[in-house]
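In: Below are the sequence and a predicted model for it; my questions follow.
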Amino acid sequence: MNVLSRDELIALFNANELIIEDSDGFFAQWAGQCYAWNSPFQQCSIDLRVGKIYVPETQPNELGGSYNPKLDEHVLDTGHTIMIRTKEKITLPDDIGGICFSPSRLALKAVLITNMGHVDPGYSGHLHFTAINMGKESFTFRGKDIVCSMIFFKLGNRVAPFGNEHFTTVNNGSVQIQIPTVVANYFPKLAKDFVDVSKRAQAIAKAEINDTKLWQIGVPALAAALAVIAGAVQVYINKPWEREISQLKSKIETLETKQNYESRIIELEKKVLKPKR
Ligand SMILES: O=c1ccn([C@H]2C[C@H](O)[C@@H](COP(=O)(O)OP(=O)(O)OP(=O)(O)O)O2)c(=O)[nH]1
């Protein structure tokens with residue numbers, strides 16, 4: 001595969017064969033200059049920049065929604081996703097293809113571009129990427145940050161060109177507007193939080209709170225129950241009723257003896273008082 005060099009890319013750009021349209025003339029400004037680290041024309045690639053940012057699960061007209069993408073910046077939290085549309089619209093000749101790579105400044109911070117792919121010969125339009133933050137810290141995407149490095153390769157012959165990026169007409173209230181078909185079709189299916197980090201964090205926090213409650217309420221309740229049981233065991237061991245039973249027994253014996261004496265006295269009285277004949 002013959003990957004095109006910086007000089008070849010600039011020559012194609014200047015000849016209007018590789019068309020790179022941006023609203024700030026950034027590429028044109030760098031096409032006549034020597035190589036520099038911050039040039040969009042790199043050794044054998046070009047750097048494409050963030051244009052629009054779509055934030056999943058945002059209402060279409062809200063900032064970040066499909067009708068109203070963010071342009072300035074977006075703080076991408078851990079586990080969160082966004083769809084990015086490049087600032088540049090590119091048009092490839094029909095004998096040149098392209099492959100996109102994630103710039104290492106994103107990859108090293110664990111910000112993953114999920115759909116880096118190939119760009120068809122003859123494609124004309126903006127590129128779209130989905131980014132996920134797999135890192136531990138938030139990552140801020142700003143308009144004009146580099147989102148993709150693209151290399152180009154020349155085919156042996158011309159092919160049927162891919163053609164223009166597609167647009168879809170949608171009703172925005174009483175007005176009809178056109179949005180990129182990629183955004184219309186795929187963006188609504190994106191989850192804002194792809195691994196549900198937020199929900200899982202909430203569940204963990206809830207479990208922690210429940211554990212704390214268990215310690216705060218459950219442990220004293222358990223201690224009280226144990227105290228009651230220990231008291232009952234103590235009573236069973238000491239058997240205080242046995243003493244009372246023996247006291248009652250001796251009282252009954254005393255009463256029985258007393259009753260015996262009384263009967264005998266009555267017998268004697270009867271004998272003494274009996275009239276003699
Ligand atoms: O990460 C990427 C890769 C490609 N493209 C653009 C350029 C490419 O020429 C076009 C179509 O890409 P691909 O052929 O990979 O997508 P597909 O799903 O096969 O679309 P289609 O059925 O329209 O060919 O989308 C992007 O915007 N982002």
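Out: Structure's in. What do you need?
In: Report the contact partners of the residue nearest to Asp72 when sequence neighbours are not counted.
Out: Among residues not flanking Asp72 along the chain, Gly143 sits closest, at 5.5 Å (Cβ to Cβ, 6 or more residues apart in numbering). For every residue, glycine as well, the C-beta is placed using N, CA and C. Residues in contact with Gly143 (Cβ atoms under 8 Å, 6 or more residues apart in numbering) are Arg49, Val50, Gly51, Ile53, Leu71, Asp72, Glu73, Lys87.
In: Could you report the distance from Gly143 to the ligand?
Out: 18 Å (Cβ to the nearest ligand atom, to the nearest Å).
In: Now do that residue against Ile229, distance only.
Out: Computed as Cβ to Cβ, to the nearest Å, the Gly143 to Ile229 distance reads 69 Å.
In: And for Leu273?
Out: 66 Å.
In: now do Cys148
Out: The value you get for Cys148 to Ile229, if Cβ to Cβ is used, is 70 Å.
In: Equivalent analysis for Leu190, please.
Out: 58 Å.
In: cool, and Met150?
Out: Taken as Cβ to Cβ, the span from Met150 to Ile229 is 75 Å.
In: Please say which of the two ends up with more neighbours.
Out: Met150 (22 against 10; other Cβ atoms under 10 Å).
In: residue contacts, the more buried one?
Out: Contacts of Met150 by Cβ under 8 Å, 6+ apart are Ser45, Ile46, Asp47, Leu48, Ile90, Gly98, Ile99, Cys100, Phe101, Val119.
In: What of Phe139?
Out: Val75, Leu76, Leu106, Lys109, Val111, Asn133.
In: would a markdown table of those with distance to Leu9 and pLDDT be doable?
Out: Listed next are those as a markdown table, based on distance: Cβ to Cβ, whole Å; pLDDT from 0 to 100:
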| residue | distance to Leu9 | pLDDT |
| --- | --- | --- |
| Val75 | 33 | 98 |
| Leu76 | 30 | 97 |
| Leu106 | 22 | 93 |
| Lys109 | 27 | 93 |
| Val111 | 26 | 96 |
| Asn133 | 31 | 96 |
